[in-house]
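# what's the 3D shape of this:
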Amino acid sequence: MKKEEYDVLHAEGSRPVKMWTRGVPVEDAAKKQLRNTAALPFIYKHIAVMPDVHLGKGSTIGSVIPTLGAVIPAAVGVDIGCGMMAAKTTLTASDLPDNLGPLRSAIERAIPHGMSPKTRGHRGRDEGSWHTPPSVVDAAWLQLKDEFDAICLKTPKLKNTNNYRHLGTLGSGNHFIEVCLDEQGSVWFMLHSGSRGVGNAIGTHFIELAKQDMRTHFINLPDQDLAYLAEGTQHYDDYVEAVGWAQRFARNNREVMMQNLIAAVRTVIHKPFQMHVEAVNCHHNYVQKEHHFGKDVLVTRKGAVSARAGELGIIPGSMGAKSFIVRGKGNAESFHSCSHGAGRTMSRTEAKRRFNLADQIRATEGVECRKDENVIDEIPMAYKDIDAVMLAQRELVDVVHILKQVVCVKG
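Next comes the predicted model:
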């Protein structure tokens with residue numbers, strides 16, 4: 001009989017927690033958080049934990065939470081639909097310019113990023129602060145507008161969020177855009193972002209509604225961020241509708257940015273090139289209905305990627321480490337999932353305390369990227385060893401391509 005590749009956390013009265021974490025550290029606080037979640041009465045079968053697991057708000061990042069009859073808004077979080085998109089091009093390493101600075105500058109001009117006024121929506125597209133062609137954004141927004149208007153009839157305050165204005169923008173934190181090379185020298189474009197301001201507003205609103213429901217019904221929880229919405233209630237139905245919309249917004253957001261990224265590269269590299277079919281657009285913070293172990297259940301992936309048999313996914317490393325295009329093995333015990341990255345080993349505050357600018361420069365040698373004190377919190381040493389993470393989940397995915405970034409744009 002084949003030996004299982006995971007360990008199991010048990011707690012009396014709780015569902016098991018199956019952990020694909022051998023060879024990577026897992027903090028005690030994250031284990032406690034996982035046990036708290038596993039104790040909820042509507043958890044189905046078990047919780048699956050990926051090797052990039054670390055402490056999160058309410059629920060643990062790097063966890064897969066299947067539920068029957070309820071959903072936990074804080075487990076999905078406020079960066080609803082956050083995920084990755086990657087596409088292989090017909091360009092090769094020899095087609096890239098020796099000086100990659102102008103290429104990074106072109107990308108930074110083309111895609112609003114960080115916390116500048118234009119990404120916060122202080123100026124409209126018609127005021128010249130946006131580089132994305134309006135037709136591209138408008139076409140993407142038309143796919144979303146009618147349903148958003150219907151959602152706003154139920155929750156009017158969502159109308160005044162950054163919705164249309166944030167479509168095609170990167171954001172900040174760990175969101176990024178990269179130009180990468182694979183093991184054969186082919187050029188890939190890769191980016192990481194989600195549903196931006198409107199997704200944050202949707203998540204925040206329903207997290208608070210779930211907490212109010214817990215108070216109304218005198219339901220005590222080990223962590224208030226495990227507050228849930230019960231199936232059959234209006235809040236549940238409204239959340240499922242809104243979160244599904246936010247996930248579609250996130251996917252469209254990445255597609256708009258990818259179009260803009262391609263256009264920006266073409267202003268610097270004049271050799272004609274095409275995109276290959278090996279393009280992946282996958283969420284890693286989301287919830288959706290799936291069929292597992294004979295039942296239709298809601299599966300929340302908080303920092304995890306769907307890895308059904310044959311399905312392509314993206315597992316990025318840090319801004320100084322390699323990333324992976326993977327193909328899922330359809331492991332049933334993991335609810336067909338894999339990790340969403342390397343996973344942090346320390347907080348942003350701790351990274352800034354422990355490392356300095358010289359450390360950041362050394363760690364990103366060979367990568368055209370920002371090298372300043374404002375990105376030290378994203379230093380590679382703040383993340384787990386991506387090779388150890390990949391080894392721990394060898395029963396979940398096969399590696400298709402290994403990517404190494406040569407340009408990285410951070411928010």
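# could you point out which element follows the longest helix seen in the chain?
When the chain is parsed with DSSP state H, its longest helix is helix 234-266. Note on helix 234-266: by DSSP states H and E, the next helix or strand toward the C-terminus is strand 275-283.
# list the buried residues of that following strand.
Judged by neighbour count using 16 or more other Cβ atoms under 10 Å, the buried positions of strand 275-283 are Glu278, Ala279, Val280, Asn281, Cys282, His283. Placement of C-beta: from N, CA and C, glycine included.
# now pLDDT too, for these, in a markdown table please.
Below are the buried residues of strand 275-283 laid out as a markdown table (pLDDT from 0 to 100):
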| residue | pLDDT |
| --- | --- |
| Glu278 | 72 |
| Ala279 | 77 |
| Val280 | 90 |
| Asn281 | 94 |
| Cys282 | 95 |
| His283 | 95 |
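# out of those residues, who's nearest Ala140?
Ala140 has its nearest neighbour among the buried residues of strand 275-283 in Asn281, at 12.9 Å by Cβ to Cβ.
# and the closest one, what does it touch?
Shown in contact with Asn281 (Cβ atoms under 8 Å, 6 or more residues apart in numbering): Gly83, Met84, Met85, Arg251, Arg254, Glu255.
# pick out whichever of these sits closest to Asp52.
Asp52 has its nearest neighbour among the contacts of Asn281 in Met84, at 13.3 Å by Cβ to Cβ.
# what's in contact with the host helix or strand of the closest one?
In this structure, Met84 sits in strand 83-92 according to DSSP H and E. For strand 83-92, the external contacting residues (Cβ under 8 Å, 6+ apart) are 180, 182, 185-194, 250-251, 254-255, 257-258, 269, 271, 273-276, 278-286, 305, 314, 316, 325, 340, 401, 403.
# buried only: go through those residues for me.
Of the contacts of strand 83-92, these count as buried by 16+ other Cβ under 10 Å: 180, 182, 186-194, 250-251, 254-255, 257-258, 269, 273, 278-286, 305, 314, 316, 325, 340, 401, 403.
# export the strand holding Met84 to CSV, keeping only CA atoms.
Coordinates of each C-alpha in strand 83-92 appear next as CSV, following Å, rounded to 0.1, in the frame of the first residue of the first chain:
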residue,chain,number,x,y,z
GLY,A,83,-4.8,34.9,-8.6
MET,A,84,-2.3,34.6,-11.4
MET,A,85,-2.2,34.8,-15.2
ALA,A,86,0.7,33.6,-17.3
ALA,A,87,1.3,33.3,-21.0
LYS,A,88,4.1,31.9,-23.1
THR,A,89,5.3,34.0,-26.1
THR,A,90,7.2,33.2,-29.3
LEU,A,91,10.0,35.5,-28.0
THR,A,92,13.3,34.0,-26.7
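# and Ala48, how far from Phe355?
32 Å (Cβ to Cβ, to the nearest Å).
# can you check Trp188 too?
Distance of Trp188 to Phe355, computed by Cβ to Cβ: 28 Å.
# and the strands in the stretch 251-400 of the chain?
Using DSSP state E, counting those that start in this stretch, the strands of the stretch 251-400 of the chain run over residues 275-283, 285-292, 295-302, 304-306, 312-315, 323-328, 337-339, 397-410.
# out of those, which comes closest to Ala150?
That would be, of those and by Cβ to Cβ, strand 285-292, which comes in at 19.6 Å.
# helices or strands next to the closest one in the packing?
Strand 285-292 sits against helix 73-76, helix 234-266, strand 295-302, with contacts defined as 3 or more Cβ pairs under 8 Å, 6 or more residues apart in numbering; DSSP states H and E.
# now with 7 Å?
Packing partners of strand 285-292 (3 or more Cβ pairs under 7 Å, 6 or more residues apart in numbering; DSSP states H and E): helix 73-76, strand 295-302.
# quick check: mean pLDDT of that strand?
Averaging pLDDT along strand 285-292 gives 98.
# likewise for stretch 96-113?
In the prediction, stretch 96-113 has an average pLDDT of 95.
# how far does that stretch sit from its chain's centre?
In this view, stretch 96-113 has its centroid 23 Å away from the chain centroid, taken as Cα atoms, centre = their mean, to the nearest Å.
# so for it, first residue to last residue, what's the gap.
End-to-end distance for stretch 96-113, by Cα to Cα, to the nearest Å: 23 Å.
# report the buried residues of it.
Leu96, Leu100, Leu103, Arg104, Ala106, Ile107, Glu108, Ala110, Ile111, Pro112, His113.
# hey, least reliable of the strands of the stretch 251-400 of the chain by pLDDT?
Here these differ in mean pLDDT, and the lowest is strand 275-283 at a mean of 83.
# circling back: just checking: what are the partner strands of the strand holding Met84?
strand 186-193 (antiparallel), strand 275-283 (antiparallel) (DSSP bridges).
# which of the ones you listed sits closest to Thr60?
strand 275-283 (17.5 Å).
# got the angle for that closest one vs strand 397-410?
90 degrees (axes from the mean of the first three to the mean of the last three Cα atoms, to 10 degrees).
# pull the CA atoms of strand 275-283 into PDB?
Output of strand 275-283 as PDB, limited to C-alpha atoms (Å, rounded to 0.1, in the frame of the first residue of the first chain):
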ATOM      1  CA  MET A 275       1.200  34.400 -27.600                       C
ATOM      2  CA  HIS A 276       1.100  30.600 -27.300                       C
ATOM      3  CA  VAL A 277      -1.900  28.600 -26.200                       C
ATOM      4  CA  GLU A 278      -0.100  27.800 -22.900                       C
ATOM      5  CA  ALA A 279      -1.900  30.600 -21.100                       C
ATOM      6  CA  VAL A 280      -3.300  30.100 -17.600                       C
ATOM      7  CA  ASN A 281      -5.700  32.400 -15.600                       C
ATOM      8  CA  CYS A 282      -6.400  30.900 -12.200                       C
ATOM      9  CA  HIS A 283      -7.700  32.200  -8.900                       C
END
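# quick one: distance of it to the chain centre.
Put simply, strand 275-283 sits 15 Å off its chain's centre (Cα atoms, centre = their mean).
# what bits of the protein have low per-residue confidence?
For the chain, applying pLDDT under 70 flags the ranges 1-3, 115-134, 277.
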